[in-house]
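Colleague: kindly return the folded structure for what I paste below:
(2 chains)
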Amino acid sequence: MYEKDGEKYFVVDSHSHFWDASKENWVEGKEQFAKGWIDCFYGYHQLGPPETHWDWEHYLKVSPEDFERDMFVEGHVDYAIFQSTYLKEWYKDGFNTVDQNGALLEKWGDRLIVNGRFDPRDGDAGLKQLEADVAKYKHKGVKLYTAEWNGDSRGYKLTDPEAYRFLQAAQDLGIKNVHVHKGPTIWPLDKDAFDVADVDHAATDFQGLNFIVEHVGLPRIEDFCFMAVQEPNVYAGLSVVVGGLMHARPKFFAKVMGELLFWVGEDKMLFGGDYNIWVPKWQVEGLVDWQMPDDDQFADYPRLTTASKKKILGLNAAKLYDIPVPAELQLPTTAGDAEAPGEDLVEDRAGAQA
Amino acid sequence: MTDLPAEVWRALGTVLDPELDEPITDLEFVESCTVSPSGDVSVGLRLPTFFCAPNFSFLMVADAYDAVSAVPGVTHAAVTLADHAHADEINGGVAAHSGFVGSFEGEASAELDELRHTFLSKAALAGQDRLARPFVDEGMGPDELAGLTLSEVPDSMELRRLRDRRAAIGLPYGDEAPLLIHGDGSRVTAAQVPLHLRRARLQRVGIETNGEYCKSLLKVRYPERSGSAARA
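Modeller: So this is what the prediction gives:
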């Protein structure tokens, strides 16, 4: 919980990690990819305020004590949702597996939600594993990394028949939330891998699932917004948006927030701090202090009120994940409801401007 | 006597990052460029991350090679990408003229024309926001905006850019062409203007934000070399 100027904010960090990128975990012969991956993250890390920068060695792997301090003691986070990222092609024990995350559950089980994962290319064995994971961890969500390498494959699409099998199984097993990473790469190499069209189809066909597009499809935010505006069960995951832009590029942060508020709406936006790319403290405090700039070029963007900040920082995610929120911190949100944010927009009936 | 290094640099300035719609020279992606007296050119490129999408990376290396090779006086050109997950495939493929499919045997099934087309369309939409915005700010309403033709837009770099992008993908770009058009080239009606402008602005924000990310990451990755002139 974060308190500022007499207002109390219930904070759910809907996108966090606890990774092991230590050199001991690099797959022999694939060191350049393992190093390239974490170096890429470290580049993003340095887009945060200088006083929050860590040295590279510390960045490779943090301890459970670091995690507790950064998230719960200093970071204002009430609940954190862990996303798993395997990348076993490059990291021997995986980059950030369900089991690694699960170990933290023993200590902070009342404040952590561990999301599972699946990879449709794993076939029947993968389905069995998903069932076992759900039985063990009671997953309410999964993180899908569609660009992940697997053998000769450099990624997959949610619309692949195999992916539909897994989505159906996930829905049947009681999973509600599917976080989809729309980030770099790669296969088929000639296609635009940031394309969010596959989420569009899957969201239409699986009405029982919520699809949270992490990083809002950056760098294809326009495709994401055009899609999300029509799909009631598609959400904007603000991971990387806050961490990567709020400090480094404040003007563009304002524009992106303005567009998201207009197209997607404050009830469909979820804060994600991306630990341990960045720590949540400066992101939570910065977002609470943040206001749309008073400049003409931002004049027709919706404003962010205290209520909208409360929803984005925690209440929307709490609703999707059935997280109990103390009565005095609650506000109504339409997150989880079956209504599209701006169906009228695509019908050309609204959107007045100028 | 032509200034060959200057000509080569100008040629590199015509090469765009297809995603960001900006020249690779402005983006500081050209790390080195040396021109020998006999016309032997060697260009080194660098990108913001190790995992920048290989398809766009390939296009930039291949386009740079084509642009430099076409400069009169250039006898031999070599363009290489450094510090990238797919540097070997890309550099080898471009040098051997084997195209994208040949460079990534078994992993790519089509050349990148369609991808290029997609991003030129995006750039052409974003350009409508850049050019229409001043009229909107002056209070022009939907009826007039819908009727605006390119001949009524003051000449600028931005206008020439928009015409180029449209010409490249077969959209109307002459003086009589409307400023506001849909992706299929048809005129935007007055009733559609407000939403169309919203979409154009969102498109512009998307491209420009992406560019800001890339610039920030490049600066973090190459702090000691950032801002330094790569021209030999």
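
Colleague: number of residues surrounding A:Ala135?
Modeller: 10 (other CB atoms under 10 Å in any protein chain shown). C-beta here means a position set from N, CA and C on the backbone, and glycine is covered the same way.

Colleague: equivalent analysis for A:Phe211, please.
Modeller: Around A:Phe211 there are 24 residues (other CB under 10 Å).

Colleague: kindly report the same for A:Leu304.
Modeller: Using other CB under 10 Å, A:Leu304 has 20 other residues around it.

Colleague: ok so it is a helix residue?
Modeller: No. Per DSSP: H, G, I helix; E, B strand; the rest coil, A:Leu304 lies outside any helix segment and is coil.

Colleague: other SSEs contacting the lowest-mean-pLDDT helix or strand in chain B?
Modeller: The helix or strand of chain B with the poorest confidence is helix B:99-103; it has a mean of 75 (mean pLDDT, DSSP states H and E). Counting contacts by 3 or more CB pairs under 8 Å, 6 or more residues apart in numbering or on different chains; DSSP states H and E, helix B:99-103 packs against helix B:54-69, helix B:87-95.

Colleague: in that helix, what counts as buried?
Modeller: B:100-101, B:103 (16 or more other CB atoms under 10 Å in any protein chain shown).

Colleague: residues touching B:Thr189, list them.
Modeller: B:Ala146 (CB atoms under 8 Å, 6 or more residues apart in numbering or on different chains).

Colleague: that one and B:Val94, how far apart?
Modeller: 45 Å (CB to CB, to the nearest Å).

Colleague: can you count the residues close to A:Lys23?
Modeller: Under the neighbour criterion other CB under 10 Å, A:Lys23 is assigned a count of 12.

Colleague: how about the contacts made by the residue nearest to it when sequence neighbours are not counted?
Modeller: Distances taken as CB to CB, 6 or more residues apart in numbering or on different chains put A:Leu60 closest to A:Lys23, at 7.2 Å, once the chain neighbours are dropped. Under the criterion of CB under 8 Å, 6+ apart, the contact list for A:Leu60 reads A:20-23, A:38.

Colleague: now do A:Lys92
Modeller: A:25-27.

Colleague: from A:Val27, how far off is it?
Modeller: For A:Lys92 relative to A:Val27 (CB to CB), the value is 6 Å.

Colleague: do B:Ala191 as well
Modeller: Using CB to CB, we find B:Ala191 at a distance of 58 Å from A:Val27.

Colleague: on that earlier part again, can you tell me which of the helices and strands packed on helix B:99-103 is most buried?
Modeller: helix B:54-69 (a mean of 22; mean count of other CB atoms under 10 Å in any protein chain shown).

Colleague: and the angle for that one with helix B:87-95?
Modeller: For helix B:54-69 against helix B:87-95, the angle by axes from the mean of the first three to the mean of the last three CA atoms, to 10 degrees is 40 degrees.

Colleague: tell me which other helices or strands helix B:54-69 touches.
Modeller: Going by 3+ CB pairs under 8 Å, 6+ apart, helix B:54-69 lies up against helix B:4-12, strand B:16-17, strand B:40-45, strand B:76-81, helix B:87-95, helix B:99-103, helix B:113-137.

Colleague: between helix B:113-137 and that helix, find me the angle.
Modeller: Going by the same axes, to 10 degrees, helix B:54-69 makes 90 degrees with helix B:113-137.

Colleague: what ranges do the strands span in the stretch 101-250 of chain A?
Modeller: A:112-114, A:141-145, A:177-181, A:210-214, A:234-237 (DSSP state E, counting those that start in this stretch).
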